[in-house]
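Participant: Sequence below, structure please.
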Amino acid sequence: MKQSEGIRFYPEKNLPRDENSAVKYTLLGLLVILISLVVSTLSSLITYQLALREFTAQQTLQNSTRREENTKTGTDSGPIFIAGSDDLAVRNLKEVQNITEFVHTLEHELEARVNASLLGNEMKIERYVESKIKDRVEQIGSNTASSQCNLTSEKVKALLDLQGLLESKVQLLRELNRTRVDSLFASKVLSSVAVNRINSYFEDRNIVPKQITLLYRGSQQGFSAKSFHAKCDNRGPTLVVVRSKADNDNPRGQVFGGYTTAEWQMQHANKIGSKDDFLFSLEWKEALSIQQTGNAIKTAEHMGPQFGVNPELKLGHECHKETSENSLSKLGSKSATFQTPSSGETSFVRGPTGYFVCDEYEVYSVRL
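Facilitator: Numbering: from 1, shown residues only. Below you'll find the predicted structure:
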């Protein structure tokens with residue numbers, strides 16, 4: 001029996017003849033979809049640009065009309081409409097300029113206040129800044145209401161941010177002022193509380209020291225009149241601080257002193273001071289202002305610093321010795337150069353005589 005011939009398959013020949021055409025049709029379809037998307041996107045962009053151009057033209061016309069109206073009424077506030085700022089769409093350029101001027105003014109005032117203070121009382125400065133900003137926000141709110149403009153969030157934010165910026169500046173100025181009085185903080189007589197007290201005396205008199213420098217310290221230079229004059233004569237305004245030795249009437253000693261614009265010299269003379277001269281004691285809140293500027297200080301070769309003619313405060317030669325009775329304080333007489341304490345005290349030290357022994361005293365140059 002003859003074997004039948006099998007059927008032979010030729011896969012490559014049995015595929016559809018239009019396979020290449022199908023692939024081409026698929027690619028063409030995708031291309032058509034892509035072109036449609038591009039056309040749609042371009043159409044949307046063109047529509048957006050046309051709408052934006054129309055909107056801008058309308059805003060320009062409105063601004064021009066409003067400026068003409070403001071010019072006629074004399075209220076040229078110059079508002080500008082900004083697209084995309086939602087419900088707070090108005091920014092008043094004139095107010096922004098006013099804010100800038102306000103910032104500069106406040107900075108100058110702030111710097112003056114800080115420079116007028118040795119420590120720049122931080123809490124006081126912060127309260128001052130807060131009150132100024134609050135007043136300014138209220139003022140801007142009133143101004144914008146009158147010109148039919150909204151107080152924008154940008155303006156409020158600028159003012160609130162201003163406080164942080166100025167507080168940073170306060171801190172820098174505070175550190176700067178602290179470096180100017182480093183020697184006071186190194187005092188053997190004054191605590192930081194005492195420095196604050198003396199600072200308040202300067203502030204009350206609008207005295208702004210640029211530099212305070214230690215000239216003389218008794219325990220280092222020897223307490224002699226000669227050493228005092230060698231270090232302190234002809235040095236301009238000075239601050240003298242004294243601590244008396246403890247005794248039965250003054251168990252912890254007393255801290256007191258004075259400031260004068262007159263210069264120390266060796267010649268025997270009464271020297272003219274100024275209205276800024278004062279005496280002080282840490283026992284009392286207020287300083288004693290000068291009453292007779294012609295007798296602010298007395299100078300002589302044989303003694304240290306002396307304030308007033310009574311004398312209200314006198315430091316003698318070698319005033320640290322127990323045997324020397326040449327350091328004296330007498331307050332409150334009719335001829336007194338300085339005011340009488342409101343407490344009625346007659347001396348910086350307690351006791352019947354007003355004499356004291358000096359435990360330490362320092363003299364500082366105060367450069368104005």
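Participant: mind listing what Asn250 touches?
Facilitator: 244, 349-351, 356 (C-beta atoms under 8 Å, 6 or more residues apart in numbering). For every residue, glycine as well, the C-beta is placed using N, CA and C.
Participant: In strands only, show me those residues.
Facilitator: Members of these lying in strands (criterion: DSSP state E): Ser244.
Participant: Buried ones among the contacts of Asn250?
Facilitator: Listed as buried from the contacts of Asn250 are 244, 349-350, 356; burial here means 16 or more other C-beta atoms under 10 Å.
Participant: Please, where are all the strands along the chain?
Facilitator: With DSSP E as the criterion, the chain has strands at 79-81, 90-92, 211-217, 238-244, 255-260, 269-271, 278-281, 288-289, 297-299, 306-307, 313-314, 358-367.
Participant: Mean confidence (pLDDT) on the fifth one, please.
Facilitator: Going back to what we said before, that points to strand 255-260. Across strand 255-260, pLDDT averages out at 97.
Participant: quick one, it and strand 358-367 angle?
Facilitator: Angle, strand 255-260 to strand 358-367, by axes from the mean of the first three to the mean of the last three C-alpha atoms, to 10 degrees: 30 degrees.
Participant: Identify the neighbouring strands of strand 255-260 in the sheet and state each direction.
Facilitator: Partner strands for strand 255-260, per DSSP bridges, with pairing direction: strand 238-244 (antiparallel), strand 278-281 (antiparallel).
Participant: what does the longest one give?
Facilitator: Sheet partners assigned to strand 358-367 using DSSP bridges are listed as strand 211-217 (antiparallel), strand 238-244 (antiparallel).
Participant: Could you give the average pLDDT over it?
Facilitator: In the prediction, strand 358-367 has an average pLDDT of 96.
Participant: Tell me the spacing between Phe338 and Tyr216.
Facilitator: The gap separating Phe338 from Tyr216 is 22 Å, by C-beta to C-beta, to the nearest Å.
Participant: Pull the residues that contact stretch 361-368.
Facilitator: 183-184, 187-189, 207-218, 223, 228, 231-232, 235-243, 257, 259, 304-305, 315, 319.
Participant: For stretch 203-213, which residues meet the burial criterion?
Facilitator: Buried residues in stretch 203-213, counted by 16+ other C-beta under 10 Å: 205, 207, 209, 212.
Participant: Just send the residues you listed back as TSV, with pLDDT too.
Facilitator: What follows is the buried residues of stretch 203-213, written out as TSV (pLDDT from 0 to 100):
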residue	pLDDT
Arg205	89
Ile207	85
Pro209	84
Ile212	91
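Participant: What is the burial count for Tyr364?
Facilitator: 28 (other C-beta atoms under 10 Å).
Participant: what pairs with it across the strands?
Facilitator: Taking DSSP bridges as the rule, Tyr364 bridges to Leu214, Leu239.
Participant: With Ser281 instead?
Facilitator: Phe256.
Participant: residues contacting it?
Facilitator: Residues in contact with Ser281 (C-beta under 8 Å, 6+ apart) are 254-256, 341, 345, 348.
Participant: give me that answer again for 10 Å
Facilitator: Listed by C-beta atoms under 10 Å, 6 or more residues apart in numbering, the contact set of Ser281 reads 197, 242, 254-258, 287-288, 313, 329, 331, 341, 343, 345, 347-349.
Participant: what does Gln254 give?
Facilitator: By C-beta under 10 Å, 6+ apart, the neighbours of Gln254 are 242-247, 281-283, 329, 347-350, 356, 359.
Participant: and of these, the nearest to Ala296?
Facilitator: Comparing the contacts of Gln254 against Ala296 with C-beta to C-beta places Ser329 closest, at 16.0 Å.
Participant: wait, doesn't the closest one sit right on Val349?
Facilitator: Yes. At 6.0 Å, Ser329 counts as touching Val349 under the criterion of C-beta atoms under 10 Å.
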